[in-house]
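# Quick one, fold the following:
(one chain, ligands or ions: 2)
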Amino acid sequence: MAKKARKVTIVGSGLVGTACAYSMINQSICDEIMMIDRTYDRAVAHALDLSHCMDFTQTRTKVYAGRLEDCRDMDVVVLTAGANPKPGQTRLDVLGEAEKITRDIVSRIVDGGFDGVFVVAANPVDIVTYIVREVSGFPRNRVIGTGTSIDSARLKTLLSEVFAVDPRSVNGYAMGEHGDSQFVAWSHVTIGGKPLLHILEQHKERFRHVKLDEIAQKTKDAGWEIFTRKGNTQFGIGNALAYIVRSILNDEHKIIAVSAVLEGEYGQTGVCCGVPAIIGDGGIEELLELNLTWEEQQKFAHSCGILKAAIASLQL
Ligand SMILES: NC(=O)C1=CN([C@@H]2O[C@H](COP(=O)(O)OP(=O)(O)OC[C@H]3O[C@@H](n4cnc5c(N)ncnc54)[C@H](O)[C@@H]3O)[C@@H](O)[C@H]2O)C=CC1
Ligand SMILES: CC(=O)C(=O)O
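Ligands and ions are numbered 1, 2, ... in the order given. The predicted structure follows:
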């Protein structure tokens, strides 16, 4: 019986796009990957290089270069083409350039007949996700930003070191902007199913050195810590993208902190930001509305306010 090939396009064959492709190949996430770049030869070269992985992987993933107009049959388009902030800039500082690039790319992909799910990593990711939704006209479930998925992974890694447990035994989310106004929803962080705040209360002496504000700050600064040393981040986000795409293609219903268009959730509309959501073959199957504390609600509203101000500056 013929099986339908699972096809993914990656727009932007730079560090993030190629890390994502490499991760998907090694995890056998899809059958075909089409690499696209403004510099066509770069996409061709990476496609060739990646296709030589195949003798050493579990399954074959066909990798080739293509163009924006060729995305009609794709299940997922991953957007990594964008501008990187320079030292001293925030992610929001590259919005002008990101807006131009994103508008052009998305309109050409949609005009070419693409009707699948967009997964966005390009920064500032929450605003770029918003732009993709506006330009594509797709329903909100089919436009997903990586949001605070990477920040949540960074949080779990930090907590796993403090509490000497596997990061996958930690559950919890950084929420809001993938940027400086993000916050950790401490009221919903659990370790082995036990609320972190209860653990700290029960074992005051043992964990008196644990400072939640410092961990939240380190979570927020983790990207910059890498950036100042090597000028980019790629592997964590490459895996985050692959994880989201896998949950879509396999209809896994993983709960991931992604950037989603809010339509009344958490009292917010007209903005995209990081919230936990169930990801399946329809894209965002459901947004989870956590019962945040009053202080967390204030932080969420503050983060949305910053993103809304940036959205107001767009040409849309
Ligand atoms: N959301 C997140 O957590 C993260 C987001 N990023 C963002 O991902 C984006 C990509 O980062 P890198 O891969 O490190 O940058 P990069 O500069 O290595 O790659 C970007 C690629 O996009 C291509 N490109 C630019 N404009 C294009 C267009 N109009 N059409 C097709 N291709 C185009 C460039 O030629 C380049 O090959 C940046 O916006 C960066 O800030 C990076 C890391 C984490
Ligand atoms: C670059 C970026 O957004 C990050 O690694 O967090």
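# Who are the packing partners of the helix or strand containing D104?
With the criterion set as DSSP states H and E, the secondary-structure element containing D104 is helix 95-111. Secondary structure elements in contact with helix 95-111, counted by 3 or more CB pairs under 8 Å, 6 or more residues apart in numbering; DSSP states H and E, are strand 7-11, strand 76-79, helix 125-136. Quick note: C-beta positions are derived from backbone N, CA and C, even for glycine.
# and those as JSON lines, adding mean neighbour count?
Rendered in JSON lines, the data for the helices and strands packed on helix 95-111 read as follows (neighbours: other CB atoms under 10 Å):
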{"stretch": "strand 7-11", "mean neighbour count": "27"}
{"stretch": "strand 76-79", "mean neighbour count": "28"}
{"stretch": "helix 125-136", "mean neighbour count": "26"}
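# Ligand 2: which of the ones you listed is closest?
Nearest of these to ligand 2, taken as CB to the nearest ligand atom: helix 125-136 at 7.0 Å.
# Next one: that closest one, is it in contact with ligand 2?
No: contact between helix 125-136 and ligand 2, assessed by CB under 6 Å from any ligand atom, is absent, since the two come no nearer than 7.0 Å.
# what residues does the stretch 101-250 of the chain put near ligand 2?
Residues of the stretch 101-250 of the chain that fall close to ligand 2, judged by CB under 6 Å from any ligand atom: N123, I150, G223, T233, I237.
# if you set the cut-off to 8 Å instead, what comes out?
123, 125, 150-151, 178-179, 222-224, 226-227, 232-233, 236-237 (CB under 8 Å from any ligand atom).
# could you flag which of those residues are buried?
Using 16 or more other CB atoms under 10 Å as the burial test, those include 123, 125, 150-151, 178-179, 222-223, 226-227, 233, 236-237 as buried.
# Can you name the residue of the stretch 151-300 of the chain nearest ligand 1?
In the stretch 151-300 of the chain, the residue found nearest to ligand 1 is I237; the distance is 3.7 Å by CB to the nearest ligand atom.
# What of the stretch 51-200 of the chain?
Using CB to the nearest ligand atom, the single residue of the stretch 51-200 of the chain nearest to ligand 1 is G82, 3.0 Å away.
# hmm, back to that, got a markdown table for the helices and strands packed on helix 95-111, with distance to ligand 1 and mean pLDDT too?
As requested, the helices and strands packed on helix 95-111 are exported to a markdown table (distance: least, CB to the nearest ligand atom, whole Å; pLDDT from 0 to 100):
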| stretch | distance to ligand 1 | mean pLDDT |
| --- | --- | --- |
| strand 7-11 | 6 | 98 |
| strand 76-79 | 9 | 98 |
| helix 125-136 | 4 | 97 |
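# The ones you listed: which one's closest to Y22?
Using CB to CB as the criterion, the shortest distance between Y22 and the helices and strands packed on helix 95-111 is 10.5 Å, found for strand 7-11.
# tell me what that closest one is packed against?
Strand 7-11 sits against helix 15-26, strand 32-36, strand 76-79, helix 95-111, with contacts defined as 3+ CB pairs under 8 Å, 6+ apart.
# The longest one vs ligand 1: in contact?
Just to be clear, that refers to helix 95-111. Yes: contact between helix 95-111 and ligand 1 is present through A98, I101, D104, I105 (criterion: CB under 8 Å from any ligand atom).
# Just the buried residues of those.
Using 16+ other CB under 10 Å, the buried ones in the residues of helix 95-111 next to ligand 1 are A98, I101, I105.
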